[in-house]
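Enquirer: sequence and predicted model, in that order:
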2 protein chains.
Amino acid sequence: MRKRSHWAWGYEDRFPSDEARRDLAARVAMLLQVDAPKLKALPALDSARVSESRFEGRNINFLDCDRETRIRHTYGRGYPDVLRGYQGDFLAAPDAVAFPESDDEVLEILQWAGTEGVKVVPYGGGTSVVGGVERDSSRGPVVSLSLRKMNRVLDVDVLSRSALIEGGALGPEIEQSLAPRNLTLRHFPQSFEFSTLGGWIATRAGGHFATVYTHIEDLVQSLRMVTPSGIFETRRLPASGAGPSPERFVAGSEGTLGVITRAWMRVFERPSWRGSASVYFATLREGAEAVRAIAQSQLHPHNCRLLDPYEALINNVPSEGGAVLLLGFESSGASRRAALEEALALALANGGRAPRGIREKVNGERGDDASAETWRQAFLDGPYLQSALATLGVIADTFETACTWSELDELLTTVRERVEATMRDVAGKGILTCRFTHVYSDGPAPYFTFIMPGRAGHELSQWLAVKQAASEALLACGATITHHHAVGRVHLPWFEREASPLFLRALQAAKDELDPHAVLNPGVLLPKR
Amino acid sequence: MRKRSHWAWGYEDRFPSDEARRDLAARVAMLLQVDAPKLKALPALDSARVSESRFEGRNINFLDCDRETRIRHTYGRGYPDVLRGYQGDFLAAPDAVAFPESDDEVLEILQWAGTEGVKVVPYGGGTSVVGGVERDSSRGPVVSLSLRKMNRVLDVDVLSRSALIEGGALGPEIEQSLAPRNLTLRHFPQSFEFSTLGGWIATRAGGHFATVYTHIEDLVQSLRMVTPSGIFETRRLPASGAGPSPERFVAGSEGTLGVITRAWMRVFERPSWRGSASVYFATLREGAEAVRAIAQSQLHPHNCRLLDPYEALINNVPSEGGAVLLLGFESSGASRRAALEEALALALANGGRAPRGIREKVNGERGDDASAETWRQAFLDGPYLQSALATLGVIADTFETACTWSELDELLTTVRERVEATMRDVAGKGILTCRFTHVYSDGPAPYFTFIMPGRAGHELSQWLAVKQAASEALLACGATITHHHAVGRVHLPWFEREASPLFLRALQAAKDELDPHAVLNPGVLLPKR
């Protein structure tokens, strides 16, 4: 089995080689106009510093207190996680990890924890970028709960285009099970290889579709969540008007209400036709007008990703020096060329140029044009680069939001002003790029990346300063603190200000009912009491 | 101002004339093979029996204790409501009605009620068919709360295709305000003329679109709800991944958590192109296969309504004696003819015939073909006919659900068997018809109508027997007790069995936080404690 890095993003064998890191250092030096950083050695598992387990020697049969296992369940993969891991700091390791194999075992662990004053952190795939899977060390012993042994596709209802999938199933495990039936869940977050269905639902993950089905909860037909008070299970229904939606109540609960152990998910026939086009614009703002027209057309493109000039440059997507819109439609039946042509016409009417025209592919062939291909590879490589940059002393991270079209201009201006000023303050310089990942009739979901030189020993405070500036800017402009990265611990201070205080009280009351001993994921999503 | 009937559906001046009722009696006699019922006089307001107001003489300035006002706020418009109204029974009238003009006034009323042990029933437009706006007389004095003075469109953000609308605005009031800007909310429930935005959101009303945006909550961008604990307000966002959705928590709360006083709603450009086709099938089940193919195609038709042969007959929609699918697309931009052709091809490939082909219209012209027109008129007349039938001693009502495609066959069989058997038992005979109102990739939303002869003095128990048989059948087949008519009091016994007990507990805990004195709509949605 391929090994995942104990500290960096992804598989060990895909981590950039020394040569690749040297290339990266040279590119960063040019981009940031700094001296090329020197390569340092990567951290070894053996030299990691780990706190002692408070369960050591107690021999509780469902707890794994192994040092390496605990190290591997210490952090998510946000910038502070990667940095601490790189520095060998695993003092926040959970006291133990549990790998239940059934709902009964999950329930047993949660109830045992309630009795013993133990806290339980649902681990998902461990790819949280918002501190969502980290222990709160102040509240007694902590068990990280992994569903990696509950990772099967249990049933497929081809007629109803739905599949019953366990919460611990990883993206590739799901797709491999569905492929022989020509079906797909078609949920491809950047973390696809390493994140789980349960984690996606718990965090309202964003996926493949740029419009309509943008978040995983749009695809949930029913679900089962194990709570300390018992099993919370909903009925398989395409829709209902009976009371508030229980699935929407669970989606986004971030492991604070229960552990999502299975869900019936809506699946799709695999696309047999794909059509795409790249449209060039002078600036992101010009492209935004075109994207708005398309988002309001009800044409519902599958891909409608707008990259600003720096995003295009960094990701090697041709854009003739400007912004580029990657537009795509797909179908499991007839060609959607007419819809693609109409969307493209809207883009051209709004100042775009598409010198390379429309590209179509059927069946096995890759359907997208070369720009989309290049984009996809860069998209999957992104988190590896972030880890590699951390080893070079360079701070790189992302944040994303959503706002109305009316607020967009102010948002883009304010974010740029504040983030660039803060980078100048704390790092002397820095780069901020922007893309739109998903779009709606009433507004886009802008996604920002910032890159700046770190000062050895001060990286975390530099990062925090930029994160705070960005978050304050989002809040000030009426946007949301997160479009699809969840709240966790990192976003909590701003979520508290974004959310209705009465909603937080209602949510806390619901949690107290389901988790009366406050076992689950303390410090995440809900303000401390 | 046109007057609404104090007991029947809709406007007094649109209630079927005596001549129309005689025609209806003759048609029913043929359909049910009974003697034509004799016309009886319609009930007069003066002879209505009303209980005394418990606020009489207390002179509370924000309460209206007028007899007629109380009568007019006694019931929704379900069959039992219309029957009791027809019989002059308004003993369940609320003790008073309040017409607040601002959020502050709503809050004042709710907090006063908490102090005084008074219950408050948010009235919406009074079109509930599930007992959602009726008082629970066992719990002290009851005030019906109407937002008819909070009925404005307050703001329109054309760029972001959204409008800020007060909770008491009726369908026509909304559309009239949006039309000059060439915008539309495009939410057309059968109750459109008489129901309110706040009521739609509180009950997760079903609207115009057959796919994608089937329920009103799909169009909610943000909302404000006045609760006894204060104002619950959400942020204007096209989307967010920050915690569970607060808008989805409020949608479907049926007046038990607060009063929805305003919402920013997603609106659309008014369609300038419409295309449609009627497709004939031998049976509903054959048509269902075609509808499934279309629903799973991601073509997203705006109209995809399948009528069984009896539905077509009763509503005068041509179907050559079989089932008929009314298929429609619309656009505010270019023609969607290609998508319509593709959907039509799927229908034909699944055994349909479309001898009249495709019909297209642009701009002001009516876009749909004659069948769709006929259907629309019959759709709006339906509730008037139900009221008129009640005066003829004929029981007519509807129920709707949603289920997976896999469960559909069993559902159609079981519902028909049990409902027809029960109608034979309690009425000697009866007719059951079925249509699909909305469709999803994973299943349809079947909508049933039953018509049977009433026995004077026994109508309510006859109706209840059929309602129970139908509801048991839905539950037994894994379907939902309601797709878009809400829970209210009528569906509560089955909702309790459909919902996860832990979800009901969580919801009750949230309610206790927002409504600590249990002021709001007791007996609705949440099981009694």
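Expert: That came through fine. Numbers count the residues shown, from 1 in each chain, chains lettered A, B, ... in the order given.
Enquirer: nearest residue to residue A:450 in space, please, no chain neighbours.
Expert: Sequence neighbours aside, residue A:432 is the residue nearest to residue A:450 in space, at 5.0 Å (criterion: Cβ to Cβ, 6 or more residues apart in numbering or on different chains). Every residue, glycine included, has its C-beta placed from N, CA and C.
Enquirer: what lines up beside the helix or strand where that neighbour lies in the sheet?
Expert: Residue A:432 is located in strand A:431-440, with elements delineated by DSSP states H and E. Using DSSP bridges, strand A:431-440 pairs in its sheet with strand A:303-307 (antiparallel), strand A:443-453 (antiparallel).
Enquirer: could you dump those into TSV and include mean pLDDT?
Expert: Formatted as TSV, those follow (pLDDT from 0 to 100):
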stretch	mean pLDDT
strand A:303-307	97
strand A:443-453	98
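Enquirer: those into JSON lines, with extra columns for mean neighbour count?
Expert: Output for those, formatted as JSON lines (neighbours: other Cβ atoms under 10 Å in any protein chain shown):
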{"stretch": "strand A:303-307", "mean neighbour count": "25"}
{"stretch": "strand A:443-453", "mean neighbour count": "25"}
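Enquirer: quick one: which of those is nearest residue B:258?
Expert: strand A:443-453 (26.1 Å; Cβ to Cβ).
Enquirer: low-scoring stretches of the stretch 301-450 of chain A, by residue?
Expert: A:364-369 (pLDDT under 70).
Enquirer: one more time with 90
Expert: A:314-316, A:333-334, A:362-381 (pLDDT under 90).
Enquirer: what angle sits between the lowest-mean-pLDDT helix or strand in chain A and strand A:431-440?
Expert: Every helix and strand of chain A was ranked by mean pLDDT, DSSP states H and E. The lowest is helix A:370-391, at a mean of 87. Angle of helix A:370-391 versus strand A:431-440, following axes from the mean of the first three to the mean of the last three Cα atoms, to 10 degrees, is 130 degrees.
Enquirer: please list the residues of the stretch 51-200 of chain A that sit near chain B.
Expert: A:157, A:159-162 (Cβ under 8 Å from any Cβ of the partner chain).
Enquirer: how about those, which pair is most distant?
Expert: Largest pairwise distance in these, by Cβ to Cβ, is 8.9 Å, between A:159 and A:162.
Enquirer: hang on, the earlier thing: so which bits of the least confident helix or strand of chain A are buried?
Expert: For helix A:370-391, burial by neighbour count (16 or more other Cβ atoms under 10 Å in any protein chain shown) applies to A:371-372, A:374-375, A:379-391.
Enquirer: neighbouring strands - and their directions - for the next helix or strand after that helix?
Expert: Scanning forward in sequence from helix A:370-391 by DSSP H and E, the next helix or strand is strand A:394-400. Strand A:394-400 has the following strand partners under DSSP bridges: strand A:443-453 (antiparallel).
Enquirer: need the next SSE after the strand it pairs with, C-terminal direction.
Expert: Trace forward from strand A:443-453 with DSSP H and E and the next one is helix A:459-476.
Enquirer: touching chain B at all, that next one?
Expert: No: Helix A:459-476 stays clear of chain B (Cβ under 8 Å from any Cβ), getting no nearer than 9.4 Å.
Enquirer: comparing residue A:159 and residue A:162, which shows the higher neighbour count?
Expert: Remark: of residue A:159 and residue A:162, residue A:162 carries more neighbours, 27 against 15, as counted by other Cβ atoms under 10 Å in any protein chain shown.
Enquirer: residues contacting that one?
Expert: By Cβ atoms under 8 Å, 6 or more residues apart in numbering or on different chains, the residues touching residue A:162 are A:156, A:221, A:236, A:264-267, B:404, B:442.
Enquirer: the same query, at a cut-off of 7 Å, please.
Expert: Neighbouring residues of residue A:162 by Cβ atoms under 7 Å, 6 or more residues apart in numbering or on different chains: A:221, A:264-267, B:404, B:442.
Enquirer: possible to save those residues as a markdown table with neighbour count and secondary structure?
Expert: Formatted as a markdown table, the contacts of residue A:162 follow (neighbours: other Cβ atoms under 10 Å in any protein chain shown; DSSP: H, G, I helix; E, B strand; the rest coil):
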| residue | neighbour count | secondary structure |
| --- | --- | --- |
| A:221 | 27 | strand |
| A:264 | 26 | strand |
| A:265 | 26 | strand |
| A:266 | 20 | strand |
| A:267 | 27 | coil |
| B:404 | 25 | coil |
| B:442 | 28 | coil |
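Enquirer: please report phi then psi for the residue sitting furthest away from the middle of chain A.
Expert: Using Cα atoms, centre = their mean, the residue of chain A lying farthest from its centre is residue A:57. It sits 36.8 Å away. Torsion angles at residue A:57 (phi, psi; degrees, to the nearest 10) stand at phi 80, psi -10.
Enquirer: what's the spacing between it and chain B?
Expert: Residue A:57 is 36 Å from chain B, where distance means Cβ to the nearest Cβ, to the nearest Å.
Enquirer: can you check residue A:280 too?
Expert: Taking Cβ to the nearest Cβ, one finds residue A:280 at 22 Å from chain B.
Enquirer: does that residue lie in a helix or a strand, and which?
Expert: strand A:273-281.
Enquirer: tell me what angle that strand forms with strand A:303-307.
Expert: Using the same axes, to 10 degrees, strand A:273-281 lies at 20 degrees relative to strand A:303-307.
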